[in-house]
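Visitor: sequence and predicted structure, then a few things I'm wondering about:
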Amino acid sequence: MQFLTAATALAIIGFTSALPSPAPEPQYVPTGSDIIKPTTRSQYEVWTGAVHYNTPNGKIFKDGHSSDITTLLTFDIPAATYGKTCEFHFVLASEATSKLSGSAQFDVFTSLAPATHSTTTWPSGNLRDQHAGRMQAYLPGEAKWVEGFPTYGKSFPCPSGQTLAGELVGTGDVDDIEWLAGNSGTYINFRWLPETAEEQTDTLVLMISGWFIDLRFSKADGSLNWGFAGQETVIEANEYCTKYRWTHNIDSEGITESDVGTLPTKISGDFVENCEAPRSKRNKSTSFEEFWRSVSPTFSNDFPRPWILESEDGLTFLGQVGGTFQSLKAGSSILGSKDGFSARREQWDETKESWATKYEAGEAGTLAKLPAIGSVSNGGIFEWEAGKSHKGKAFDGRYIVHALANTV
């Protein structure tokens, strides 16, 4: 799916509405066709920048008196994992070479590039990149992900055919986690989602200043699979994760309860949303995962002021970010009604210097009343004040300007 804000867009690339039951926790690194073990592991001395390449053992160490030591990992992800979900694991087996003391927690980071040889000092260093999560280690047993931190490492789209590099870093003042590769250490497993991993809709979310329009059109026939619009609020946040609530002011599935989900506080690249939300087809709340990809909005220089409007009767939402326009209209004012919905997505065609309709779906009578930005004589450049009703200059009727921003 795509999630378009004043600065970025997100594309959903996988979905499952029922999370699988957890498998029994292993006491050692498992084997099998769905298990990927590190190609190399290396130890990194934080104080000197030295890299000890391709060691048989891993070590995460801090004592405040000698150099901190982290473990650098390299995974070669097979091309056969395309479309599957990868999960990072760490396990300590009950053997003499396994050690665990101190806080027993470590952070998982991605690396800009893998270690390729030993060094005695800088400049190569560890090339640390994104924080992927924090884990609590156990001896013996499987490490668990710690809540309140990023969860990218827990579940992510497999980077098929690519090399994945990472680093394990101690978090306490004193830590000593050691293991000999074999029964102990790290691994990645991959799986198909319980429901199809291929997203069946072309989904785009316009989100500006806490308001959003989420439209999901079927790739097969262009029909409206699901559309809803409303307001986003923050429930709680830290430097790693933010928990949100999304209202359903209008919803083509008749859902009136809010979604609650957790996203990375700093959104970039691919990431996973873990969510608890009502689903009308099941008539109950269910847990699910959505995999998103951030992309950039188009033609933000031509259309530098993204906006979202709601009609005063509450039945219509309109929005534009750069060269993308979306509109959603309900056919009834009855709360929870699914009757008469229509939706439209238009995109700016630079060669023709005009707006082109990509999707148009819904009840014919409602669709005829749904504003189209392509019919606007000024090409979709408006000057409004946020929070005030606006009439006539762009669309018939009265609209509340909920969101107005600048991209340049």
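Guide: Ah, there it is. Numbers count the residues shown, from 1 in each chain.
Visitor: C-alpha from now on. contacts and neighbour counts both.
Guide: Will do.
Visitor: now do the contacts for residue 242.
Guide: Neighbouring residues of residue 242 by CA atoms under 8 Å, 6 or more residues apart in numbering: 234, 235, 236, 262, 263, 264, 265.
Visitor: these: which two are farthest apart?
Guide: Largest separation among those by CA to CA: 235 and 264, giving 13.6 Å.
Visitor: between the two, which is the more surrounded one?
Guide: Neighbour totals were compared for residue 235 and residue 264, and residue 264 leads with 21 against 12 (other CA atoms under 10 Å).
Visitor: if we ignore the residues flanking it in sequence, what's nearest that one?
Guide: residue 241 (4.5 Å; CA to CA, 6 or more residues apart in numbering).
Visitor: okay, now that neighbour: neighbour count?
Guide: 19.
Visitor: against residue 152, how distant is it?
Guide: To residue 152, residue 241 is 11 Å away according to CA to CA, to the nearest Å.
Visitor: and for residue 246?
Guide: 21 Å.
Visitor: between those two, point out the one with more neighbours.
Guide: Per other CA under 10 Å, whichever of residue 246 and residue 152 has more neighbours is residue 152, with 24 against 20.
Visitor: any idea how far residue 61 is from residue 70?
Guide: From residue 70 over to residue 61 the distance is 7 Å, taken as CA to CA.
Visitor: now do the shared contacts for those two.
Guide: Common neighbours of residue 70 and residue 61 (CA under 8 Å, 6+ apart) are residue 170.
Visitor: isn't residue 218 right next to residue 204, touching?
Guide: No - with contact defined as CA atoms under 8 Å, residue 218 does not count as touching residue 204 (11.8 Å).
Visitor: between those two, who's got more neighbours?
Guide: Set residue 218 next to residue 204 and count neighbours by other CA under 10 Å: residue 204 wins out with 23 against 16.
Visitor: excluding chain neighbours, what is closest to residue 138?
Guide: The shortest distance from residue 138 to any non-neighbouring residue, by CA to CA, 6+ apart, is to residue 92 (6.7 Å).
Visitor: show the contacting residues for that neighbour.
Guide: 27-28, 98, 137-142, 179, 183-185 are the contacts of residue 92 under CA under 8 Å, 6+ apart.
Visitor: how about CSV for the residues you listed, with neighbour count, distance to residue 304 and secondary structure added?
Guide: Below are those laid out as CSV (neighbours: other CA atoms under 10 Å; distance: CA to CA, whole Å; DSSP: H, G, I helix; E, B strand; the rest coil):
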residue, neighbour count, distance to residue 304, secondary structure
27, 17, 55, coil
28, 20, 54, coil
98, 22, 57, coil
137, 21, 48, coil
138, 20, 52, coil
139, 18, 55, coil
140, 18, 56, coil
141, 18, 53, strand
142, 24, 49, strand
179, 23, 54, strand
183, 18, 56, coil
184, 26, 53, strand
185, 24, 50, strand
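Visitor: are we agreed that residue 319 is in a strand?
Guide: Yes - membership of residue 319 in a strand is supported by DSSP: H, G, I helix; E, B strand; the rest coil.
Visitor: roughly how far does it sit from residue 344?
Guide: The gap separating residue 319 from residue 344 is 11 Å, by CA to CA.
Visitor: with residue 151 instead?
Guide: 34 Å.
Visitor: so in that sheet, which strands flank the strand ranked longest in the chain, and in what orientation?
Guide: Longest strand of the chain, by residue count under DSSP state E: strand 224-237. Using DSSP bridges, strand 224-237 pairs in its sheet with strand 211-218 (antiparallel), strand 241-246 (antiparallel), strand 250-251 (antiparallel).
Visitor: what residues sit buried inside it?
Guide: In terms of neighbour count (16 or more other CA atoms under 10 Å), strand 224-237 has its buried residues at 224, 225, 226, 227, 228, 229, 230, 231, 232.
Visitor: which one of those residues sits closest to residue 171?
Guide: Distance to residue 171, by CA to CA, is smallest for residue 232 among those, at 32.8 Å.
Visitor: so in terms of bridging, what pairs with that closest one?
Guide: According to DSSP bridges, beta-bridge pairing links residue 232 with residue 246.
Visitor: can I assume it is in contact with residue 212?
Guide: Yes - in this structure, residue 232 is within contact of residue 212 by CA under 8 Å, at 7.3 Å.
Visitor: give me the number of residues near residue 333?
Guide: Counted with other CA under 10 Å, residues neighbouring residue 333 total 12.
Visitor: check residue 49 too.
Guide: There are 18 residues near residue 49, going by other CA under 10 Å.
Visitor: ok, now which ones touch it?
Guide: So residue 49 contacts 119, 120, 121, 122, 123, 124, 125, 126 (CA under 8 Å, 6+ apart).
Visitor: so it, which of the three states?
Guide: From three-state DSSP, the assignment for residue 49 is coil.
Visitor: please report how far it lies from residue 100.
Guide: Taken as CA to CA, the span from residue 49 to residue 100 is 24 Å.
Visitor: same question for residue 91.
Guide: In this view, residue 91 and residue 100 are 11 Å apart by CA to CA.
Visitor: helices and strands around the strand or helix carrying residue 207, which ones?
Guide: Here residue 207 is covered by strand 201-208, with elements defined by DSSP states H and E. The contact analysis (3 or more CA pairs under 8 Å, 6 or more residues apart in numbering; DSSP states H and E) places strand 201-208 against strand 2-5, strand 9-16, strand 211-218, strand 316-321.
Visitor: comparing the ones you listed, which gets the lowest mean pLDDT score?
Guide: With a mean of 43, strand 9-16 has the lowest mean pLDDT of the helices and strands packed on strand 201-208.
Visitor: tell me where the model's unsure across this structure.
Guide: Within the chain, the stretches with pLDDT under 70 are 1-26, 192-199, 240, 266-295, 377-381, 386, 390-394, 407-408.
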